[in-house]
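Curious how this folds, go ahead:
(2 chains)
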There are 2 protein chains.
Amino acid sequence: MSKSKAIFYHAGCPVCVEAENRVAEALDRQRFDVEIVHLGEHKARLAEARERGVQSVPALVLEGAPFHINFGAALKDLD
Amino acid sequence: MSKSKAIFYHAGCPVCVEAENRVAEALDRQRFDVEIVHLGEHKARLAEARERGVQSVPALVLEGAPFHINFGAALKDLD
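Numbering: from 1, shown residues only, chains lettered A, B, ... in the order given. Next up, the predicted model:
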């Protein structure tokens, strides 16, 4: 069975770190390939995140659907 | 190994349903006991949700830590 794609976007903020440690960590690795992307360090991926509907971090994109988890920083402040 | 507790609070709104179908569904059931609570139908649990730091639904509480996922409705509007 091929795995579904999960991308966790963050910017290293405390809210992001907690969401990564708790929510991203809780995903079922048997069913999801989980990629962690630090948008502060990989600004080239900001456009990709925006295209997926991400407006703030931390955010989890599951099979293309964006879910904003609490609020750490707006994407526009990471440019 | 005893499982960790995950509680997904929602109010039946479209944003809630999507988060339930995607995020709550993606949790690792081998490690988490996932309880789904409809606060519109179980208003007696509003106080418990508030005590756990939930301010809006949908929200996921993982081992006591609240994570608000997108925004469907404020808890104060469910009273």
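
How about chain A: which residue is closest to chain B?
A:Asp28 (4.0 Å; Cβ to the nearest Cβ). Every residue, glycine included, has its C-beta placed from N, CA and C.

for A:Gln55, phi and psi?
phi -110, psi -20 (degrees, to the nearest 10).

tell me, which strand in chain A spans the most residues?
Determined from DSSP state E, the single longest strand within chain A is strand A:65-74.

Skipping adjacent residues, who's closest to A:Phe71 in space?
Leaving aside its sequence neighbours, A:Phe71 sits nearest to A:Ser56 (Cβ to Cβ, 6 or more residues apart in numbering or on different chains; 5.6 Å).

ok, that neighbour - how many residues close by?
The tally of other residues near A:Ser56 (other Cβ atoms under 10 Å in any protein chain shown) stands at 21.

Next: A:Val54.
Neighbours of A:Val54 (other Cβ under 10 Å): 22.

And it, how close does it get to A:His68?
7 Å (Cβ to Cβ, to the nearest Å).

ok, now A:Leu27?
The gap separating A:Leu27 from A:His68 is 16 Å, by Cβ to Cβ.

coming back round to it: next, the contact list for the residue nearest to A:Phe71, please.
A:His68, A:Phe71, A:Gly72, A:Ala73, A:Ala74, A:Leu75 (Cβ atoms under 8 Å, 6 or more residues apart in numbering or on different chains).

Look at the nearest residue to the fifth one once chain neighbours are set aside and report its pLDDT.
I take that to be A:Ala74. Leaving aside its chain neighbours, A:Ala74 sits nearest to A:Ser56 (5.0 Å; criterion: Cβ to Cβ, 6+ apart). Looking at A:Ser56, its pLDDT stands at 98.

what residues does chain A put near chain B?
With the criterion set to Cβ under 8 Å from any Cβ of the partner chain, chain A comes near chain B through A:4, A:6, A:18-19, A:22-23, A:26-32, A:60, A:62-63, A:65, A:67-70.

Name the residues that touch stretch A:63-76?
Contacts of stretch A:63-76 (Cβ under 8 Å, 6+ apart): A:4-6, A:10-11, A:13-16, A:18-19, A:23, A:39, A:46, A:49-50, A:52-61, B:18-19, B:22-23, B:67-71.

Type out the ChimeraX command that picks the buried ones from these.
Applied in ChimeraX, the following selects the buried portion of the contacts of stretch A:63-76 according to 16 or more other Cβ atoms under 10 Å in any protein chain shown:
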select /A:4,6,10,11,15,16,18,19,23,39,46,49,54,56,57,58,59,60,61 /B:18,19,22,23,67,68,69,70
